[in-house]
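Give me coordinates for this.
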Amino acid sequence: MLLQLGLLLVVVAILLAGVSRPWTAGFAPLAASIVLLPADLVLPNGVTPLPTLTRVVVLAVAAGLLLRHRRVFGLTPVHLAGAAFALTTLITGVVLAPPGVRARDAALDWVSLVEPLAVFVVALAALRAADDGDVALRVLRRVTVAAVVIALLERASGVSWGQLLGSDIGRLEIRAGEPRVRVGSEFALAFAWTLGALLPAALAATPRRRLTQVAVFTGCLLAAVWSYSRTAPIAFAAGLGLLVLGNRDRRVAVGAATAAAGLGAVFLSAPAVSVRFARDIDVGAIAVRTERLPVVLEAAAERPLQGIGLSGTNGLGIPTTDNSFVLAYVETGVLGAVLLLLAVGCGLVCAGRGLLAPAGPHRASSAAAVAGAAVLVLGGVVFDALQVRGTADLLWLLLAVGVAASERSAGRQALLRPWRDVPAVRGALVAAALVTGLVVAYAWPAHTAITVRFETLPSSRLASETDDPVDEGRRLVATTCAVAEQYSGRDDGVRLDCRDLNGAAGQGELRVQAGGLEPAAGALVEIEQIVSDQTRVTDLRFRLASAPARGTPSLIRTAPVWLPLSVLLLVLLVPSGPLRRLEHRLAGTGGGPRGVDGEDVRPGPGGEAGPTGRFQQDVDERAGEGLRGRDHERV
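Here you go, the predicted structure:
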């Protein structure tokens, strides 16, 4: 209780400081609250769970900036892409949610979904207001060190940092008898990927201090090992590789290579460590993720455009899909998933402009930010990194660092006026995308799907009171699914998905997809015969779960909507230069020099090429004004 009161006083101090003085150091508390504090840590109010400590810090920094530095809130293409994503998910995930979804739950999930966009806006403004362009890397390095120290304390005490602060996350997870550190993250896997995303910034902050780099990397490596997350090496390797490619600095490359060598040495020379990352440790975690996908995808297939609503997976008994892009499709439909990809992609592109800058702090900041953000985007395939508040906030914080560095090196990216900048080409591209989507949707061959439930144990065995049939039933279902998987590997256009229902013993579900009803039914008969003849499953019985369905994949069926929408957003974000050159090529003029339209370059009186028409008229007028000005000076 005393610790929570102390945190409350700290937040109040941040609020007062943010309102009372120029908030040039606002990035530091913002980064610290995102990485070090649990995302569900709420200020005691007894009314609503909305005022979390991270949100309060974001509001405090925003208040200080609005009072002292209003001009730092200028818009970028990332702001527009994020606004489109927020508005679309509000409509598809909340307003158009099915009746079974509770409106309050959907609204709270939407607030959590768009919170990272607010982090981006405020963090970018704070970095614009800061006088020091290198402040972001130094802050991220210190936050990384603080996270490693807290992980060390968690490892030594076995007590969760979030539990000490009063979070509802609870005790540390256990794997193979060892506690898994997580600091301020919701679970250990998220913490491992958080370290992988912060590592490039921590290394790039001290390119000339080799000992500091070694110490920081060693601490991050130990903390990742103590998280016992199987995919942590992927996060570290991706972050180091992208940092080297983006920064192109010899000192950073040597440090990253040394770090990678140390990472490999630990896993190759310490079996006691590497064995805890093996696939056969905690196999149930992998199996559960695999079994969730058919359930959620089947539910979303009925509403492919708008999805089943935010928090709609709770009604299926599945809190998450452990895949950000699948979760976005299931809950907000194809529209939400496409706009999420475009928003993140736009952020990476705008942050990556700084990679073209000369060697220095701006390029280092841009490279570290892009590398860290890309690690978290990759993490979206491993778990729902783009929806978990801690990692999602960190992703957009890093994008803000990259955009700020790019603006310092290449200037702010001006917003386009599509109604004036090459409107014909933009409209033609959107129209072509619409036609392409319609053609794909109507020309794509349809398929037939049959879903059956099957039983592998006889009724007499299920009624037995002396033996436990659960383990044997699980083995028999696995055997049946293995046969189905082998059958699906043949090149006859038949696809099969098999899973254990984990309900009654020995029950599973098999989905057969083929070009027609006859080959799909024939595949079921063949599989039943193979299982009966070649395995110990002698009591296999198929039961039709639903009527056979015929159609096309949801992605193809919704192509007339998401394809032109994607192209529309892309042409709104692409600068006018490439589109103008495309317009000249389509017109057959081939374009002219930069700043000169192709139609204004024509042969002169002597046959030589020279500017004529409107361009020549402008030149003559300016030359005349210059001569008149010189004559006036002589007089």
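
okay, CA-based contacts and neighbour counts for the rest of this
OK.

so where do the strands sit in the stretch 151-300 of the chain?
173-175, 178-180 (DSSP state E, counting those that start in this stretch).

quick one: the first one to chain centroid distance?
Put plainly, it is strand 173-175. With CA atoms, centre = their mean, to the nearest Å as the basis, strand 173-175 stands 26 Å off its chain's centre.

In stretch 481-490, which residues are buried?
481, 483-484, 487-488 (16 or more other CA atoms under 10 Å).

Just give me the least confident of those residues.
Across the buried residues of stretch 481-490, the smallest pLDDT goes to Ser488, namely 73.

returning to that earlier point: counting only helices, which of the buried residues of stretch 481-490 make the cut?
Using DSSP state H, the members of the buried residues of stretch 481-490 that fall in helices are 481, 483-484, 487-488.

Identify, from those, the entry nearest to Glu291.
Minimum separation from Glu291 among those (CA to CA) is found for Cys481, which lies at 12.2 Å.

what's near enough to touch that closest one?
When contacts are counted by CA atoms under 8 Å, 6 or more residues apart in numbering, Cys481 touches 498-499.

That one and Thr451, how far apart?
Using CA to CA, to the nearest Å, we find Cys481 at a distance of 14 Å from Thr451.

if we can go back for a sec, which one of the ones in helices among the buried residues of stretch 481-490 sits closest to Val344?
Ser488 (35.1 Å).

isn't the closest one right up against Cys498?
No: if you go by CA atoms under 8 Å, Ser488 and Cys498 don't touch, sitting 10.3 Å apart.

For the closest residue to Asp134 other than its chain neighbours, grab phi and psi.
Spatial nearest neighbour of Asp134, chain neighbours left out: Pro361 (6.1 Å); criterion: CA to CA, 6 or more residues apart in numbering. With angles defined as degrees, to the nearest 10, Pro361 sits at phi -70, psi -30.

Ok, which of the strands of the stretch 151-300 of the chain comes nearest Ala126?
Nearest to Ala126, of all the strands of the stretch 151-300 of the chain, is strand 178-180, at 34.1 Å by CA to CA.

and that closest one, which residues are buried?
Buried residues in strand 178-180, counting neighbours by 16+ other CA under 10 Å, are found at 179-180.

So for it, mean pLDDT?
Taken as a whole, strand 178-180 carries a mean pLDDT of 87.

Pull up the distance across stretch 545-563, start to finish.
Start-to-end span of stretch 545-563 (CA to CA) is 34 Å.

Can you give the distance from it to the centre of its chain?
For stretch 545-563, the distance to the chain centre is 25 Å (CA atoms, centre = their mean).

So what touches it?
Outside stretch 545-563, the residues that touch it by CA under 8 Å, 6+ apart are 301, 304-305, 334-335, 338, 433-438, 440-441, 444-453, 517.

Give the buried residues for it.
For stretch 545-563, by 16+ other CA under 10 Å, it's 548, 550, 552, 554, 556-563.

Please apply the same query to stretch 98-110.
Within stretch 98-110, the residues that count as buried by 16+ other CA under 10 Å are 98, 101-103, 106-107, 109-110.

Out of those residues, list just those in helices.
103, 106-107, 109-110.

now these in CSV, with pLDDT and distance to Arg182?
Shown next, in CSV, are these (pLDDT from 0 to 100; distance: CA to CA, whole Å):
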residue, pLDDT, distance to Arg182
Ala103, 89, 32
Ala106, 91, 27
Ala107, 92, 28
Asp109, 91, 23
Trp110, 94, 25
